[in-house]
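Engineer: Sequence first, then the predicted structure, then my questions.
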Amino acid sequence: MNNKLLKIINYYGVKPQLKYMQTEMYELIEAILDFENCNDSYNEDYDDKELFVDKLQKLRGHIGEELADMQVMLSQFQEHFLISDEYIEKIKEQKVDRQLKRIEEENKTNAFENAYIRSLKEIIYKLHNNIELSTPEMLTLKHSIEEIEGKDESIKNKG
């Protein structure tokens, strides 16, 4: 397999393969978002549970295909730059451990505040991408706006 990967990247070149990898990453992101959006809309769009499960299975398969595409692209670069699996696994382990430590630290701080901020980030993302908000998200947004407006009024009254 390694020789096949090298043959591909050597034929097309590093820079063209980088551009192609961007396309593959975009397709992976789209596949994951399709799955998540479908999963979020179960109650609204699907009366038939079997139809819904079938749709999720197809979307999950699409994610698998796109993950395979990305892994092929990443493996080409790994082979091209002579980076061993062991080295990558070591770095991945360090990065995962570091992230778990960050999560642990975040949990020690105000858990409610962190969840609230994450939900606001999700709402902002959806608004930015013209994705419809759920009722709880609309209420969270309304509450946040009222909170900001209240702080603005108290600042004006102090000045």
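Structural biologist: Arrived safely, thanks for sending.
Engineer: residue ranges with poor pLDDT in this protein?
Structural biologist: 41-47, 110-112, 151-159 (pLDDT under 70).
Engineer: spatially speaking, which residue is in the middle of it?
Structural biologist: Residue closest to the mean C-alpha point of the chain, counted by C-alpha atoms, centre = their mean, is residue 29 at 6.8 Å.
Engineer: Which helix or which strand is home to it?
Structural biologist: helix 14-40 (DSSP states H and E).
Engineer: show me where this protein has strands.
Structural biologist: Read by DSSP state E, the chain holds no strands at all.
Engineer: Check this structure for its longest helix and report it.
Structural biologist: helix 49-80 (DSSP state H).
Engineer: and the helix holding residue 29, what does it pack onto?
Structural biologist: helix 2-12, helix 49-80 (3 or more C-beta pairs under 8 Å, 6 or more residues apart in numbering; DSSP states H and E). From N, CA and C alone the C-beta is placed, and that goes for glycine too.
Engineer: buried ones in that helix?
Structural biologist: Within helix 14-40, the residues scored as buried using 16 or more other C-beta atoms under 10 Å are 17, 21, 24, 28, 31, 35, 38.
Engineer: Distance to residue 129 added to those, as CSV?
Structural biologist: Shown next, in CSV, are the buried residues of helix 14-40 (distance: C-beta to C-beta, whole Å):
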residue, distance to residue 129
17, 28
21, 22
24, 20
28, 16
31, 15
35, 15
38, 16
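Engineer: how far away is residue 49 from residue 56?
Structural biologist: 10 Å (C-beta to C-beta, to the nearest Å).
Engineer: Comparing these two, which residue is more hemmed in?
Structural biologist: More crowded of residue 49 and residue 56, by other C-beta atoms under 10 Å: residue 56, with 15 against 9.
Engineer: quick one: the more buried one and residue 5, what's the gap?
Structural biologist: 32 Å.
Engineer: again, but for residue 135
Structural biologist: 48 Å.
Engineer: out of those two, which sits in the more crowded spot?
Structural biologist: Remark: of residue 135 and residue 5, residue 5 carries more neighbours, 18 against 7, as counted by other C-beta under 10 Å.
Engineer: I'd guessed the more buried one sits against residue 76; true?
Structural biologist: Yes: under the contact definition of C-beta atoms under 8 Å, residue 5 touches residue 76, with a separation of 4.8 Å.
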